[in-house]
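# here is a sequence with its predicted model. Questions after.
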Amino acid sequence: MKALITAVVVALLFALFFTVFLVAPAIVILVAYFGMTWHHKRLSRKAKARAAARPAVEPAGKPEGAPA
């Protein structure tokens, strides 16, 4: 009986170790990936909106008053 209890305790400790040191970092990495992706898309949308609101720049050509 004592061996069975010891085996259960060891199995539970291994499960806890596995969860804390292998699964938790994977969850953190996934959350960070999706968070950064969302943030980048938000910044891109803002930049596109600013660019669309900015007046168009005339293409560089001959200066005014220059002979033809």
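Structure's in. What do you need?
# now do the helices in this structure.
Taking DSSP state H as the criterion, the chain contains helices spanning 2-18, 24-53.
# can you list the ones you listed in TSV and add mean neighbour count?
Heads up, the C-betas are built off the backbone N, CA and C, glycines and all. Formatted as TSV, the helices of the chain follow (neighbours: other C-beta atoms under 10 Å):
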stretch	mean neighbour count
helix 2-18	9
helix 24-53	10
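# would CSV of these with mean pLDDT be doable?
As requested, the helices of the chain are exported to CSV (pLDDT from 0 to 100):
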stretch, mean pLDDT
helix 2-18, 96
helix 24-53, 95
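# now residue 6: how far from residue 39?
Note on residue 6: its distance to residue 39, by C-beta to C-beta, to the nearest Å, is 48 Å.
# for residue 29, same thing?
On the measure of C-beta to C-beta, residue 29 and residue 39 end up 16 Å apart.
# could you do residue 33 as well?
With distances taken as C-beta to C-beta, residue 33 is found 11 Å from residue 39.
# ok, now residue 50?
Counting by C-beta to C-beta, the gap from residue 50 to residue 39 is 17 Å.
# centroid-nearest residue for the protein?
Centroid check for the chain by C-alpha atoms, centre = their mean gives residue 36 as the closest residue, at 2.1 Å.
# and the gap between that one and residue 16?
Taking C-beta to C-beta as the measure, residue 36 falls 29 Å from residue 16.
# do residue 31 as well
Using C-beta to C-beta, residue 31 is found at 21 Å from residue 16.
# likewise residue 10?
Distance of residue 10 to residue 16, computed by C-beta to C-beta: 11 Å.
# do the same with residue 49
48 Å.
# please apply the same query to residue 48.
47 Å.
# residue 55 too?
Remark: distance between residue 55 and residue 16 (C-beta to C-beta) = 61 Å.
# so what sits against both of residue 10 and residue 16?
The contact sets of residue 10 and residue 16 do not overlap (C-beta atoms under 8 Å, 6 or more residues apart in numbering).
# for residue 46, see how far away residue 52 is.
Distance from residue 52 to residue 46, counting by C-beta to C-beta: 11 Å.
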